[in-house]
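A.B. asks: Give the three-dimensional model of this entry:
(chains A and B)
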Amino acid sequence: MIRKFLYETGRYLMFLRRVFTRPEKWRLLLRQFMTETDKLVLNSVPLIALISVFIGAVLVIQTSNNMTSPFLPKMYIGYMARESLVLEFCSTMVCLILAGKIGSNISSELGTMRITEQIDAMEMMGVNSANFLVLPKILSTTILNPLLTMMSFVMGLVGGYLLILMTGIIKTSDYLTGIQFAFNGYYITYSLVKTAVFSFIISSISAFYGYWATGGSLGVGRSATKAIVTASAMILIFNLILTRIML
Amino acid sequence: MITVRHLTKYFDGRPAIRDISAEYLPGQCSLVIGASGSGKTVLLKSIVGLLEPEEGEVLLNDTVFNRLSPMEKKKIRSRMGMLFQGSALFDFATALENVMFPLDFFTGMSSSEKLDRARFCLRRVGLEGVDRKYPSELSGGMQKRVGIARAIALNPQYLFCDEPNSGLDPQTSVMIDRLIQEITQEYGITTVINTHDMNSVMEIGDKVIFIYKGEKCWEGYRDSIMTSDCRELEEFIFASRMARELRLRYGSGNPSQD
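C.D. replies: Residues are numbered from 1 along each chain as shown, chains lettered A, B, ... in the order given. All right, here's what the predicted structure looks like:
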């Protein structure tokens, strides 16, 4: 098992070496970057927005239910919701969701290209297929997914606010005071760094498994499953490491 | 000219092709025939460098291609075109963009020059009005023709075709075969075609190599293929009842019984 892990890690690093070479034409890289941004990042906006609104609302309900003491100011509900969103949900949870959405997309796309010999066709022409196909995916997700994190944060807070407006669980002024209370800007940096690292993990691992898919359509399915499972596990491990380092 | 010398490729310690030598001449369609799983595709992919053979060498004119560095190989690859079994058109690109793809990478042409060249190649293979169609919107025969157009976009010296008429009806197969032959002769290309279609052999096979279980079993010309004394080749050619009956009726051979 250790031997297999080392073998796979070695193959993954060699794959990354092929990905991170100088592009043949910068113009083509830019074109692919725009395409991948649309496909992987912009297409994720509605899903992330929807989930964030609901999670924000749920966080407010749960925090409110757990704060029964009359000595605790109600503004702490907003404060707790904000801290939960910025520290964990907007980076780790959103990236775990993206591991499923983006990871399966990347892995199945590249896997299908592999088994239908489209990657061979590129290699045959002398094109570095790993660089052409994978680098734009990694760049677009690593650079732009942190913007999704920011959007998720805002939408989560909006979700909490909407819930309070609809249910009157606490005063909106308490909530607004709470979400501004003792704000630590470094937590945003922490969240953005985590998202960038997790996005790199998602895109590179999914691309690795897809790029080397074998065994027809079943193989493509297997590679997508492996990609999602491995990326999710790596996100959890790196979450622990980054939290230990940064906080 | 392409020369293959003692090419051997192993998978999991077992040889997929063993000690194959052959010569492919410019302006000719050289056919590699054999049953499915006989090693034709491994041979072709070893020649073009998609697989690394363990033994032997591939000479393109006088250059030992399989010993070159990746950068040196890359320069030569722009002089190669390949048509894959399933066409291998890029799903993310239209027919026109597929043909323009190698031009984007390997030429300094302006956009209009690339468009002109890609449209010329599509017209050359008899396709018009498909510029904006995606591969999934094209028939199998059309996909093959776009594949050929893409393969000739850079004016290649070498053209490799892996089962160019698999999955096509007989008429479309003949049309694709003739197209490949015309292009080969017109541009003096060295063309290597993998097939198990005997119609292709009789239609365009200037030179034929028969591979059986990873080894070269017979080599010759289409005129002599019917009278070969290679038992495996005979079994391959006359595998169907119709072929055996036709041979009994018109030929002088001695086909094996059911």
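A.B. asks: Just the strands from chain B, written as ranges.
C.D. replies: Secondary structure of chain B (DSSP state E): strands located at B:2-11, B:14-24, B:29-33, B:55-60, B:63-64, B:80-83, B:158-162, B:190-195, B:207-212, B:215-220.
A.B. asks: Identify the residues contacting the second one?
C.D. replies: Among residues not part of strand B:14-24, those counted as contacts by C-beta atoms under 8 Å, 6 or more residues apart in numbering or on different chains are B:1-10, B:30, B:39, B:42-43, B:46, B:53, B:55-56, B:190-192, B:207, B:209, B:211, B:214-216, B:219. C-betas here are computed from N, CA, C, even on glycine.
A.B. asks: Let me have the strands of chain B in TSV, extended by mean pLDDT and mean neighbour count.
C.D. replies: Putting those into TSV (pLDDT from 0 to 100; neighbours: other C-beta atoms under 10 Å in any protein chain shown) gives the following:
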stretch	mean pLDDT	mean neighbour count
strand B:2-11	94	18
strand B:14-24	93	18
strand B:29-33	94	26
strand B:55-60	94	17
strand B:63-64	92	12
strand B:80-83	93	26
strand B:158-162	94	25
strand B:190-195	94	26
strand B:207-212	92	23
strand B:215-220	92	18
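A.B. asks: how about the ones you listed, which one is nearest B:Ala239?
C.D. replies: Comparison of the strands of chain B against B:Ala239 by C-beta to C-beta identifies strand B:29-33 as nearest, at 11.9 Å.
A.B. asks: packing partners for that closest one?
C.D. replies: Secondary-structure packing of strand B:29-33 (3 or more C-beta pairs under 8 Å, 6 or more residues apart in numbering or on different chains; DSSP states H and E): helix B:40-48, helix B:170-187, strand B:190-195, helix B:198-204, strand B:207-212.
A.B. asks: which outside residues touch that strand?
C.D. replies: For strand B:29-33, the external contacting residues (C-beta under 8 Å, 6+ apart) are B:22, B:24, B:40, B:43-44, B:180-181, B:184, B:190-196, B:198, B:200-201, B:204-211, B:236.
A.B. asks: Burial check on residue 66, number of neighbours?
C.D. replies: Just going to use chain A. 10 (other C-beta atoms under 10 Å in any protein chain shown).
A.B. asks: that's the wrong chain, I meant chain B
C.D. replies: By the criterion of other C-beta under 10 Å, B:Asn66 has 20 neighbours.
A.B. asks: same deal with A:Val41?
C.D. replies: Neighbour tally, A:Val41, other C-beta under 10 Å: 20.
A.B. asks: That one: what's it in contact with?
C.D. replies: A:Ser140, A:Thr141, A:Leu144, A:Asn145, A:Leu147, A:Leu148.
A.B. asks: neighbour-wise, which of these leads?
C.D. replies: A:Thr141 leads the contacts of A:Val41 on contacts (other C-beta under 10 Å) with 30 neighbours.
A.B. asks: Check which element follows the helix or strand harbouring that one along the chain.
C.D. replies: Using DSSP states H and E, the element containing A:Thr141 is helix A:129-167. Next in sequence after helix A:129-167, counting helices and strands by DSSP H and E, comes helix A:172-180.
A.B. asks: Can you pull the residues of chain A lying near chain B?
C.D. replies: A:24-25, A:28, A:35, A:112-113, A:116-118, A:120-121, A:123-127 (C-beta under 8 Å from any C-beta of the partner chain).
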